[in-house]
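Asker: Got a predicted model here, sequence first, then my questions.
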Protein chains: 2
Amino acid sequence: MPNSIRILEVGPRDGLQNEAGEVPVEAKVALVEALAAAGLPEIEVGAFVNPKLVPQMAESAEVFRRMRRREGVVYSALVPNRRGAEAAIEAGADLLSVFASASESFSRRNTNASIAESLARFEPVFEIAAGASRPVRAYVSCAFGCPDEGEVDPTRVASLARELVDAGASEIDVSDTIGVAVPRDVDRVLDAVGAEIDPSRIALHFHDTRGTAIANVMTAIDRGVTRFDSSCGGLGGCPFAPGASGNLATEDLLYVCARSGIETGASLADVAAASSAIGEVLGRRLPSKALAAVRSGVGNDQCRSEDGAARR
Amino acid sequence: MPNSIRILEVGPRDGLQNEAGEVPVEAKVALVEALAAAGLPEIEVGAFVNPKLVPQMAESAEVFRRMRRREGVVYSALVPNRRGAEAAIEAGADLLSVFASASESFSRRNTNASIAESLARFEPVFEIAAGASRPVRAYVSCAFGCPDEGEVDPTRVASLARELVDAGASEIDVSDTIGVAVPRDVDRVLDAVGAEIDPSRIALHFHDTRGTAIANVMTAIDRGVTRFDSSCGGLGGCPFAPGASGNLATEDLLYVCARSGIETGASLADVAAASSAIGEVLGRRLPSKALAAVRSGVGNDQCRSEDGAARR
């Protein structure tokens, strides 16, 4: 088992994009700054997408402009195409993310493009990023199941991952978009993807829609995966299951890592404070269980593992 | 990995006892009957305890009297002492449960007795149960940590488990009362307890206070444990962390088992319906994530594993 993992914090983008509430730009800036100060090594700040389609992300350039940067932290942005890539680099994004889907029907519904068309749209993104010496992370959504098609063959996930690496992706973020995965699925998908690309390029993005995200993470860590997405407080609903939970919560991930002796570099208490602040802006309690345990103020000493890894 | 597990449903007792809302006896009866009809093999119906201290359980005899029994289902009851054991057997309980604690200070706070005193109180319980040919399950609470003492030495858990088996317990239910355990802790505690008693006597009771319960279950299943407590809808708050989640939700456990090809005999949809009904009585949404996913009505097809284990 690796003794450290790297967390990619997706709350400010993937989280807030799926929240109903409006968030002022200064609150977004404060959130990004608080998450960086909490010790998270990488933060997805925003998306450079059509503001008519995704109004929640319309101010991403403004967030990049206003935020104070912390040395060593990677600030990333989602981009769908050439125009987005140019805007993201102009704004100062350190890393670009592109979204492909392992499911043809989901690809069409989510991005109005076939899988092949989306790969064609990414070509200029890879070129522009390479010209600016920025790495590109490629997501493969619906890697564990599709809201339209049901089961997804892991070999389709693997071949798409291979195509994306061949096109220039430095990392493949294999995503359980609808939160159906269980540890057995993690084994199957990692077997397939690891046979097509260098396993060190694999990151994982879990949703906790049915309570399995931490079990999936622990299975993947046992297999040597060291990069995981999570969202502060569990920000971000599940757009395909209204009322259900979405992204794996950063606090839940930090808790299990700390008590398991796995280093993350981040402080659970500080992330929880950042989540509580954005929760007040949104006017609701965020779903993270470890956040609720911290906020209850009782039993927090239990977060301490014998080696004190949970307390910085 | 075993291909089936046995779920002990604790919602009607452990769940409702920790809920603030009052529940009419007819709603309790309906809940027990719905859970049995959903295919759960064992249900903790109530507790025969001092009604002044635990008013939520004052009507347990009435619930036993009114409920229709389903053949093959085990209906159990918590009893603290001789008087409770007599009342539970009189009411028709098939199995009695007693609660010990691996933490001296928690034992005093929770039951006003030292660990040794609680063992003495159980002696007549074991005698009465044996006389009536009823098995006794013994809980060891705070087995993974104590709200007062912090870390708990697994060897203390193991020696208490041994004492309880020697006294007549047929099963030891090792409990993470405050929901701190991670898979590494499950390994440590199972190593210790399995060295003192026959591993086939071990059951596990997890709280999902910090989102780790399913990961812990999967680790234990990998080690051959086949008996787990869970609570419909995640009923039951965490009394030591107000606002935080308590018991592992039966729906979450059913989901991960179904998709992992592990038989439970129970229907996720039917348990979810029972939870929704009691949630309406309590006037709140229960915390189970898989329940929320079912209720959202979207993506339910994703509950189907390839072999259809999730659908009865």
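Answerer: Arrived safely, thanks for sending.
Asker: buried sites along the worst-scoring helix or strand of chain A on mean pLDDT?
Answerer: The helix or strand of chain A with the lowest confidence, counting by mean pLDDT, DSSP states H and E, is helix A:104-111 at a mean of 88. By 16 or more other C-beta atoms under 10 Å in any protein chain shown, the buried positions in helix A:104-111 come out as A:104, A:106-108, A:110-111. Using the backbone N, CA and C atoms, a C-beta is placed for each residue, glycine as well.
Asker: Quick check: next helix or strand after that helix?
Answerer: Sequence-wise, the next helix or strand downstream of helix A:104-111 (DSSP states H and E) is helix A:115-131.
Asker: Can you tell me the strand partners of the helix or strand hosting residue A:140 and which way each runs?
Answerer: Using DSSP H and E, residue A:140 maps to strand A:136-141. Sheet pairing of strand A:136-141 (DSSP bridges) gives strand A:95-101 (parallel), strand A:171-175 (parallel).
Asker: list the buried ones in the first one?
Answerer: In terms of neighbour count (16+ other C-beta under 10 Å), strand A:95-101 has its buried residues at A:95-101.
Asker: ditto for the shortest one
Answerer: Within strand A:171-175, the residues scored as buried using 16+ other C-beta under 10 Å are A:171-175.
Asker: gap between the helix or strand following it and the chain center?
Answerer: Downstream of strand A:171-175, the next assigned helix or strand under DSSP H and E is helix A:183-196. From the chain centre to the centre of helix A:183-196 is a distance of 19 Å (C-alpha atoms, centre = their mean, to the nearest Å).
Asker: Now do the contacts for residue A:213.
Answerer: Taking C-beta atoms under 8 Å, 6 or more residues apart in numbering or on different chains, we find residue A:213 in contact with A:179, A:206-207, A:248, A:252, B:211.
Asker: What's the PyMOL syntax to select whichever of these are buried?
Answerer: Applying 16+ other C-beta under 10 Å to these leaves a buried subset, and the PyMOL line that selects it is:
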select buried, (chain A and resi 179+206+207+248+252) or (chain B and resi 211)
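Asker: List just the nearest of the buried residues of strand A:95-101 to residue A:61.
Answerer: When those are compared for distance to residue A:61 (C-beta to C-beta), residue A:96 wins out at 14.0 Å.
Asker: quick one: the closest one from residue B:283, how far?
Answerer: 47 Å (C-beta to C-beta, to the nearest Å).
Asker: Repeat that for residue A:131.
Answerer: 59 Å.
Asker: of those two, who's got more company?
Answerer: In terms of neighbours (other C-beta atoms under 10 Å in any protein chain shown), residue A:131 is the more surrounded of residue A:131 and residue B:283; the figures are 10 against 7.
Asker: What distance do you get for residue A:235 to chain B?
Answerer: 15 Å (C-beta to the nearest C-beta, to the nearest Å).
Asker: Does that residue touch residue A:291 like I think?
Answerer: No - when contacts are counted by C-beta atoms under 8 Å, residue A:235 is not listed as touching residue A:291 (10.4 Å).
Asker: any idea which of the buried residues of strand A:95-101 is closest to residue A:263?
Answerer: Using C-beta to C-beta, these come closest to residue A:263 at residue A:95, 21.7 Å.
Asker: partners of the closest one in the sheet?
Answerer: What pairs with residue A:95, by the bridge criterion (DSSP bridges), is residue A:76.
Asker: Identify the residues contacting it.
Answerer: Residue A:95 neighbours (C-beta under 8 Å, 6+ apart): A:42, A:74-77, A:134-137.
Asker: follow-up on the earlier one: return the angle between stretch directions for the least confident helix or strand of chain A and helix A:115-131.
Answerer: Taking axes from the mean of the first three to the mean of the last three C-alpha atoms, to 10 degrees, one finds helix A:104-111 and helix A:115-131 inclined to each other by 60 degrees.
Asker: what helices or strands is helix A:104-111 leaning on?
Answerer: Contact partners of helix A:104-111 among helices and strands, from 3 or more C-beta pairs under 8 Å, 6 or more residues apart in numbering or on different chains; DSSP states H and E: strand A:95-101, helix A:115-131.
Asker: ok, and what's touching stretch A:72-87?
Answerer: So stretch A:72-87 is contacted by A:8, A:13-14, A:32, A:36, A:40-50, A:57, A:60-61, A:64, A:67, A:69, A:88, A:91-99, A:111, A:121-122, A:124-125, A:128-129, A:137 (C-beta under 8 Å, 6+ apart).
Asker: So what would you say the end-to-end distance of it is?
Answerer: Taking C-alpha to C-alpha, to the nearest Å, the first and last residues of stretch A:72-87 lie 22 Å apart.
Asker: what about that stretch, distance to the chain center?
Answerer: The answer for stretch A:72-87 is 14 Å, by C-alpha atoms, centre = their mean.
Asker: tell me the mean pLDDT for stretch A:157-168?
Answerer: Stretch A:157-168 carries an average pLDDT of 98.
Asker: Tell me the buried residues in it?
Answerer: Applying 16+ other C-beta under 10 Å to stretch A:157-168 flags A:157-158, A:160-161, A:163-165, A:167-168 as buried.
Asker: Touching that stretch from outside, list them.
Answerer: A:98, A:100, A:102, A:115, A:119, A:122-123, A:126-127, A:129-130, A:136, A:138, A:140, A:143, A:172, A:174, A:189, A:192-193, A:195-198, A:201-202.
Asker: CA-only coordinates of that stretch in PDB, if you can.
Answerer: C-alpha atoms of stretch A:157-168 as PDB (Å, rounded to 0.1, in the frame of the first residue of the first chain):
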ATOM      1  CA  VAL A 157     -12.800   2.400 -21.000                       C
ATOM      2  CA  ALA A 158      -9.300   1.000 -21.500                       C
ATOM      3  CA  SER A 159      -9.200   1.600 -25.300                       C
ATOM      4  CA  LEU A 160     -10.500   5.200 -24.800                       C
ATOM      5  CA  ALA A 161      -7.800   5.800 -22.100                       C
ATOM      6  CA  ARG A 162      -5.200   4.500 -24.600                       C
ATOM      7  CA  GLU A 163      -6.500   6.900 -27.300                       C
ATOM      8  CA  LEU A 164      -6.300   9.800 -24.900                       C
ATOM      9  CA  VAL A 165      -2.800   9.000 -23.800                       C
ATOM     10  CA  ASP A 166      -1.700   8.600 -27.400                       C
ATOM     11  CA  ALA A 167      -3.300  12.000 -28.100                       C
ATOM     12  CA  GLY A 168      -1.200  13.700 -25.400                       C
END
